[in-house]
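Engineer: Here is the input, now give the coordinates:
(one chain, ligands or ions: 1)
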Amino acid sequence: MNKKNSLIKRDQQHVWHPYSAPQAAPLFGVHRAHGVRLQLTDGRELIDGMSSWWSAIHGYRNPHIEKAVREQLERMPHVMFGGLTHEPAVSLCERLAKISPDGLERVFLSDSGSVAVEVAIKMAFQYWIARGEPKRNRLLTIRGGYHGDTFGTMAVCDPVNGMHEFFQDILTQHFFAPRPESRFGEQCTDQQFSAFTSALEAAQESLAAVILEPIVQGAGGMWFYSADFLRRVHALCREKNILLIFDEVATGFGRTGKMFAAQHAGIAPDILCVGKSLTGGTLTLAATLCTNEVTSTIASVEPGALMHGPTFMGNPLACAAAHASLDLLARATWQDEVAHIESALQAGLEPCKSIPGVKEVRVLGAIGVVELERPVDMNQVQPAFVDEGVWIRPFGRLVYTMPPFITKREDVDQICTAIKNVLRKHHPNS
Ligand SMILES: Cc1ncc(COP(=O)(O)O)c(C=O)c1O
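Structural biologist: Numbers count the residues shown, from 1 in each chain. Below is the predicted model:
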């Protein structure tokens, strides 16, 4: 039995993959990753069109990040964060407070995007308990969102298309407004905004916060919406005295062309979640930032503490990787890189519009999306992408790419050609 088959076979006996049946197929062994390339165990090399689910923005094995992690490993790989602190965490929190939208001064570190969102929700609930309004314990969000896989976060994912429909009966019931109709780059009219206003006003008394992925809704539908809509949400939350949480786990650190997607609208939330590309995809780390007002209100009443504390909170290796990733972003070439990827994706995906079964093509920053009329057949499509020499992992009706920022033009072109070829051959209407 060759190496590849034995790995897959062993995997299928004991490993459970995300959103997969116990014997996940098709499945590919990956042996190494370097730059924008993944090397499979059978020797084939693929251009990575996924950045490992939005995270590997600088590609793989970036020497600056690796050096930082190696040096930290020699000092201290991990230490508990209760009662102890360390330079990598303190300076990372200082740095996050500095680069994030205005007013976000306090940082709670955690280990995944879902937990960062859980912490944000907990902050909002504790804030209202501290203000003597414990009945404000519901959230308002928009349809089409995705915020994670834990029970708190599943309750604010899209109730139908959010992958968690299965659990609806046991989730906390929150409030949902329609997905914004106004697209990115468009104004949002009073009429278009009225559904959100009505949803908020109907639920107002019980609302702790509004939670949204700003500008780009990721895994819930890869939808890009109006910055004006976001500004209106912000203004309404201010007017009605409701907290605003932005989940930038997917959009944070440059993916949409701005450091944070909130900056397209020129606004700052009360609470912000980041994760994924925080470490350049090297190690798992997330953070929840909040304003001094949120912090001091929570601290003003018993128990005076935020009631959360993951074992691996502030992991020094992950903090070192995050520092190094932020160093690379501070060089600012990423903005040009993202702009080049955006124009390459626009040109390269345009021909997909004429493929039967394609509903829409949309591009924003380093994100390219081909939305289909019907879901793809992963058994056909996944191996077909590998045969084309690219790693693309569609879901449902969405074939999309968000390559590392360092991806060269010819590699972006190859990703786009692969998407065209695979959809022409295997489009779901054929
Ligand atoms: C917007 C958003 N929030 C939260 C999460 C959850 O992050 P994690 O998978 O690291 O728990 C994701 C993951 O895709 C996401 O896209």
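Engineer: Helices along this structure, start to end?
Structural biologist: Ranges of helices within the chain are 3-14, 51-54, 63-75, 87-99, 113-130, 151-154, 190-203, 227-240, 292-299, 316-330, 333-349, 378-387, 409-426, based on DSSP state H.
Engineer: closest one to the ligand among the ones you listed?
Structural biologist: Nearest to the ligand, of all the helices of the chain, is helix 113-130, at 2.2 Å by CB to the nearest ligand atom. C-beta coordinates here come from the backbone N, C-alpha and C atoms, glycine included.
Engineer: who's in contact with that closest one?
Structural biologist: Contact with helix 113-130 is made by 108, 110, 134, 136-137, 139, 147-150, 152-153, 156, 208-209, 211, 243, 245, 247, 249-250, 271-276, 286-288, 290, 294, 297-298, 300-301, 306-308, 310, as judged by CB atoms under 8 Å, 6 or more residues apart in numbering.
Engineer: Tell me if that helix is near the ligand.
Structural biologist: Yes. Contact of helix 113-130 with the ligand (CB under 6 Å from any ligand atom) involves 113-114, 117.
Engineer: Dump the residues you listed to a markdown table, plus distance to Ala384.
Structural biologist: As requested, the residues of helix 113-130 next to the ligand are exported to a markdown table (distance: CB to CB, whole Å):
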| residue | distance to Ala384 |
| --- | --- |
| Gly113 | 30 |
| Ser114 | 31 |
| Val117 | 34 |
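Engineer: In strands, which of the contacts of helix 113-130 fall?
Structural biologist: Among those, the members found in strands (DSSP state E) are 108, 110, 139, 208-209, 211, 243, 245, 247, 271-274, 286-288, 290.
Engineer: For the ligand, tell me which of those show up nearby.
Structural biologist: Among the ones in strands among the contacts of helix 113-130, the residues lying close to the ligand (CB under 6 Å from any ligand atom) are Asp247.
Engineer: Tell me, how many residues neighbour Thr311?
Structural biologist: The number of residues packed near Thr311 is 10, by other CB atoms under 10 Å.
Engineer: Look up how far the ligand lies from the closest residue to it other than its chain neighbours.
Structural biologist: Nearest residue to Thr311 in three dimensions, chain neighbours excluded: Met80, at 7.4 Å (CB to CB, 6 or more residues apart in numbering). As judged by CB to the nearest ligand atom, to the nearest Å, Met80 and the ligand stand 22 Å apart.
Engineer: Gly309 is in contact with Met80, correct?
Structural biologist: No. Between Met80 and Gly309 there is no contact under CB atoms under 8 Å: 9.3 Å.
Engineer: need the residues of the stretch 1-150 of the chain near the ligand, please.
Structural biologist: Checking the stretch 1-150 of the chain against the ligand by CB under 6 Å from any ligand atom, the hits are 112-114, 117, 146-148.
Engineer: try 5 Å
Structural biologist: 112-114, 147-148 (CB under 5 Å from any ligand atom).
Engineer: Please list only the buried members of those residues.
Structural biologist: The neighbour count (16 or more other CB atoms under 10 Å) marks 112-114, 147-148 as buried among those.
Engineer: Out of the residues you listed, which two sit at the greatest distance?
Structural biologist: Greatest spacing in these, by CB to CB: Ser112 and His147 (11.7 Å).
Engineer: Outline the domain layout of the protein.
Structural biologist: Here the domain parsing of the chain from automatic domain parsing is 3-61+332-426, 63-330.
Engineer: Please tabulate the ones you listed in CSV, including the columns mean pLDDT.
Structural biologist: Listed next are the domains of the chain as CSV, based on pLDDT from 0 to 100:
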stretch, mean pLDDT
domain 3-61+332-426, 96
domain 63-330, 97
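Engineer: for the ones you listed, which one ends up most surrounded?
Structural biologist: domain 63-330 (a mean of 20; mean count of other CB atoms under 10 Å).
Engineer: what distance separates that domain from the centre of its chain?
Structural biologist: In terms of CA atoms, centre = their mean, to the nearest Å, the centre of domain 63-330 is found 10 Å from the chain centre.
Engineer: so how far does it reach from one end to the other?
Structural biologist: 16 Å (CA to CA, to the nearest Å).
Engineer: now swap in stretch 345-360 and tell me
Structural biologist: OK, stretch 345-360 end separation, CA to CA: 14 Å.
Engineer: swap in stretch 159-168?
Structural biologist: 7 Å.
Engineer: Nearest the middle, which residue of the chain would you pick?
Structural biologist: Ala250 (1.8 Å; CA atoms, centre = their mean).
Engineer: OK, contacts around that one?
Structural biologist: 54, 113, 213, 216, 218-219, 276.
Engineer: my read: Leu230 touches Ala268, true?
Structural biologist: No. Between Leu230 and Ala268 there is no contact under CB under 8 Å: 11.2 Å.
Engineer: which residues are in contact with both of those two?
Structural biologist: Ala262.
Engineer: Not counting its neighbours along the chain, what's nearest Pro403?
Structural biologist: With sequence-adjacent residues excluded and distances taken as CB to CB, 6+ apart, Pro403 is closest to Gly49, at 5.3 Å.
Engineer: how far away is Leu272 from the ligand?
Structural biologist: 12 Å.
Engineer: swap in Thr172?
Structural biologist: 17 Å.
Engineer: What are the phi and psi values at the residue nearest to that residue when sequence neighbours are not counted?
Structural biologist: Leaving aside its chain neighbours, Thr172 sits nearest to Ala155 (4.5 Å; criterion: CB to CB, 6+ apart). The phi and psi values for Ala155, taken as degrees, to the nearest 10, are phi -70, psi -10.
Engineer: Touching, Ala155 and Ile170? I think so.
Structural biologist: No. Taking contacts as CB under 8 Å, Ala155 lies outside contact range of Ile170: 9.4 Å.
Engineer: Please identify every residue contacting each of the two.
Structural biologist: By CB under 8 Å, 6+ apart, no residue touches both Ala155 and Ile170.
Engineer: close enough to count as contact, Ala265 and Arg232?
Structural biologist: No. Applying CB under 8 Å, one finds Ala265 not in contact with Arg232, separated by 9.3 Å.
Engineer: tell me, what's touching the two both at once?
Structural biologist: By CB under 8 Å, 6+ apart, no residue touches both Ala265 and Arg232.
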